[in-house]
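Participant: structure of the sequence below:
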Amino acid sequence: MQRTAPLPGPLPASGEREKSALETAAAIRAGETTAIAETEAAIARIESRDSDLNAVVVRDFDNARKAAAEMDQRIAAGFDGPLLGVPMTIKESFDIAGLPTTWGYEEHRTFIARDDAVMVKRLKAAGAILLGKTNVPVALADLQSINPVYGRTRNAVDQSRSAGGSSGGSAVALASGMVPLEYGSDIGGSIRVPAAFNGVWGHKISYGLMTGEGHYFPDTDGAKPALSVIGPLARDADDLAVALDIGADFPIPRAPIRKPGEWRILILAGHPMAKVQASIVTAIENLAAAFEAAGATVDRSSDLLPDLSQQHRDYWAMLNIAITRGVPVDGGEPATLAHWFDLGDRQARNKRAWNRLFDQYDAVIAPALGVTAFAHDDTPLGDRKLTIDGAETPFTHQFVFPGLATFPMLPATSVPIGRDADGLPIGVQVIADTWRDHTAIAIARAAHDLVWSNT
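Facilitator: Residues are numbered from 1 along each chain as shown. Here you go, the predicted model:
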């Protein structure tokens, strides 16, 4: 399998690019290294690189060393797995037995999980060694990662900027070279935006592809919120695809084997309800031109698209009900059951419209967010502003971009395709049809390779 190169940029402190997850597993499998050696190396990277970044906020190094030593014994006895001995971290919101799960809440600082999340069990069964957990915003409810329990995580490229959220610690741990693989969750861009901000890859799955068991609000075990999914983050497409298969509840179709010029692409460089930074628009247009030069079918508009403004209004309503469980905010009216059912009907119609669109296109490429990583800003989310190319705009308008794939429950891969004038990564999301998660990753790979082969 051809390996996709990581985003060009500043090297980690070691001066060399770290091995991917699959490269690590292959080296262990070949006897060139061991699980304990790779675990010790990852621990050393965290200890040397994380003091200013503050990404890996729950450290379980002693248990990781024990697990790695046991893994080496199992390997000697014939065990193999796709993540053979690979050291990794996972988002703080996943339960790991014996470790805290706080979701950034001060009042849940002392809660200790009693069992591993299902995803943690699957990663361990695949051979992974869990080193600890990475930082989040309070309630997983912001596009930056700061909370009163663990403090602030800083962007891996520019520490004055947001790491993204809510899987901000996940993306920073990857981008800084501390670990090769992560798992996060996404309801409002929480995988895709941190990946874009830090120049790594992230995948929001088709809704229903993976169980969220063990990704609970602290000390609860209820139903997962509507719209919410989990998914992998990595530094390249190969690791992302393997982690997707490890986590999936059931097999999904493989991507068609195609050259870059054989894809059918719809480009959405903007949205009727939100501004997009000019450098992001330029990067997307450059990507579109690269696909066109390769021979791909590229359109910039389609009558098959649903009403994106209405989609966002419905998404925003559903998202807020899902997060608040219908409790009114700012003196508003409580959600009614009839309203919830109406939203479900509109979501179903919206999903069908997107599914029909994918009869004509293989993917839609759009901004992961309309800005690159913004400066740290602790203004409450509802009051926060962004200045985009000199114009002030409400921060919350940017959620139109995550909602493109979230409301219709579609898979979307965040992939780095450039940098802005400040050297900050530019990421886009490649949205594909339901269950075509591997197609989203394959087209993201093609986009990445087309762009970086010309730089």
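Participant: helix or strand: which one has Asp245?
Facilitator: In the assignment (DSSP states H and E), Asp245 maps to helix 237-247.
Participant: repeat for Thr387
Facilitator: Thr387 belongs to strand 385-388, assigned by DSSP H and E.
Participant: moving C-terminal of the helix holding Asp245, what's the next helix or strand?
Facilitator: strand 264-267.
Participant: which outside residues touch the helix or strand following that following strand?
Facilitator: Moving toward the C-terminus from strand 264-267, the next helix or strand (DSSP H and E) is helix 278-294. The contact list for helix 278-294 (Cβ atoms under 8 Å, 6 or more residues apart in numbering) reads 259-261, 263, 265, 267, 269-270, 298, 300, 365-367, 370-372, 389, 417-418, 420-421, 426, 428, 446-447, 450-451, 454. (Each C-beta comes from the backbone N, C-alpha and C, glycine too.)
Participant: what are the buried residues along the next helix or strand after helix 278-294?
Facilitator: Following helix 278-294 in sequence order, the next helix or strand is strand 297-299 (DSSP H and E). By neighbour count with 16 or more other Cβ atoms under 10 Å, strand 297-299 contains the buried residues Val298.
Participant: mind listing what the nearest residue to Gln347 once chain neighbours are set aside touches?
Facilitator: Nearest residue to Gln347, sequence neighbours excluded (Cβ to Cβ, 6 or more residues apart in numbering): Phe407, at 6.2 Å. Going by Cβ under 8 Å, 6+ apart, Phe407 touches 227, 311-312, 314-315, 318, 347, 350.
Participant: what helices or strands is the helix holding Asp245 leaning on?
Facilitator: helix 21-29, helix 118-125, strand 181-186, strand 201-204, strand 229-234, helix 437-452 (3 or more Cβ pairs under 8 Å, 6 or more residues apart in numbering; DSSP states H and E).
Participant: turn these into a markdown table, including distance to Pro148 and mean neighbour count.
Facilitator: Conversion of those to a markdown table gives the following (distance: least, Cβ to Cβ, whole Å; neighbours: other Cβ atoms under 10 Å):
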| stretch | distance to Pro148 | mean neighbour count |
| --- | --- | --- |
| helix 21-29 | 32 | 21 |
| helix 118-125 | 25 | 20 |
| strand 181-186 | 21 | 30 |
| strand 201-204 | 26 | 32 |
| strand 229-234 | 25 | 29 |
| helix 437-452 | 35 | 24 |
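Participant: and the residue nearest to Gln347, how far is that from Gly208?
Facilitator: 14 Å (Cβ to Cβ, to the nearest Å).
Participant: lowest mean pLDDT among the helices and strands, pick that one out for the protein.
Facilitator: Least confident helix or strand, the chain: helix 308-324 with a mean of 95, by mean pLDDT, DSSP states H and E.
Participant: that one packs against which elements?
Facilitator: helix 337-357, helix 400-406.
Participant: now the ones you listed as TSV including distance to Thr220 and mean neighbour count?
Facilitator: Shown next, in TSV, are these (distance: least, Cβ to Cβ, whole Å; neighbours: other Cβ under 10 Å):
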stretch	distance to Thr220	mean neighbour count
helix 337-357	20	14
helix 400-406	22	26
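Participant: out of the ones you listed, which gets nearest to Thr101?
Facilitator: helix 400-406 (23.4 Å; Cβ to Cβ).
Participant: any idea how far that closest one is from the chain center?
Facilitator: Relative to its chain's centre, helix 400-406 lies at 13 Å (Cα atoms, centre = their mean, to the nearest Å).
Participant: isn't Ala373 right up against Ser160?
Facilitator: No. Shown here, Ala373 and Ser160 do not form a contact pair, counting by Cβ atoms under 8 Å, at 9.1 Å.
Participant: more neighbours, those two?
Facilitator: Neighbours per residue, other Cβ atoms under 10 Å: of Ala373 and Ser160, the larger number sits with Ala373, 30 against 11.
Participant: identify the residues contacting the residue lying closest to Ala317 once chain neighbours are set aside.
Facilitator: Take Ala317 and drop its neighbours on the chain: the residue closest to it by Cβ to Cβ, 6+ apart is Leu343, 6.0 Å away. For Leu343, the contacting residues are 314, 317-318, 321, by Cβ under 8 Å, 6+ apart.
Participant: between the residues you listed, which is nearest Ala139?
Facilitator: Ile321 (14.7 Å).
Participant: any idea how far that closest one lies from Val327?
Facilitator: Distance from Ile321 to Val327, by Cβ to Cβ: 9 Å.
Participant: now Val451
Facilitator: 44 Å.
Participant: now for Asp359, how many residues are close by?
Facilitator: Asp359: 8 neighbours (other Cβ under 10 Å).
Participant: contact partners for the residue nearest to Gly127 when sequence neighbours are not counted?
Facilitator: Spatial nearest neighbour of Gly127, chain neighbours left out: Gly81 (3.3 Å); criterion: Cβ to Cβ, 6+ apart. By Cβ under 8 Å, 6+ apart, the contact list for Gly81 reads 25, 125-127.
Participant: so which bits of stretch 66-75 are buried?
Facilitator: Buried, per 16+ other Cβ under 10 Å, within stretch 66-75: 67-68, 71-72, 74-75.
Participant: what of stretch 357-371?
Facilitator: So for stretch 357-371, counting by 16+ other Cβ under 10 Å, buried means 357-358, 361-371.
Participant: just the C-alphas of that stretch, formatted as CSV.
Facilitator: Only the C-alpha atoms of stretch 357-371 are listed here, as CSV (Å, rounded to 0.1, in the frame of the first residue of the first chain):
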residue,chain,number,x,y,z
LEU,A,357,-26.6,13.8,-4.6
PHE,A,358,-24.1,11.0,-4.2
ASP,A,359,-25.7,9.1,-7.1
GLN,A,360,-23.9,11.8,-9.2
TYR,A,361,-20.8,12.6,-7.1
ASP,A,362,-18.3,10.5,-5.2
ALA,A,363,-17.6,13.3,-2.7
VAL,A,364,-18.3,16.8,-1.6
ILE,A,365,-15.2,18.8,-0.5
ALA,A,366,-15.8,21.8,1.8
PRO,A,367,-14.0,23.7,4.6
ALA,A,368,-13.6,21.9,7.8
LEU,A,369,-14.1,25.3,9.3
GLY,A,370,-14.1,28.8,7.7
VAL,A,371,-10.9,29.8,9.6
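Participant: now do it, average pLDDT.
Facilitator: Averaged across stretch 357-371, the pLDDT comes to 98.
Participant: and stretch 407-418, by the same measure?
Facilitator: Per-residue scores along stretch 407-418 average to 98.
Participant: again with stretch 169-182
Facilitator: Mean predicted confidence for stretch 169-182 is 98.
Participant: now that stretch: how far from the chain's centre is it?
Facilitator: 11 Å.
Participant: specify the residue ranges that define each domain of the chain.
Facilitator: As given by automatic domain parsing, the domain ranges for the chain are 21-247, 264-452.
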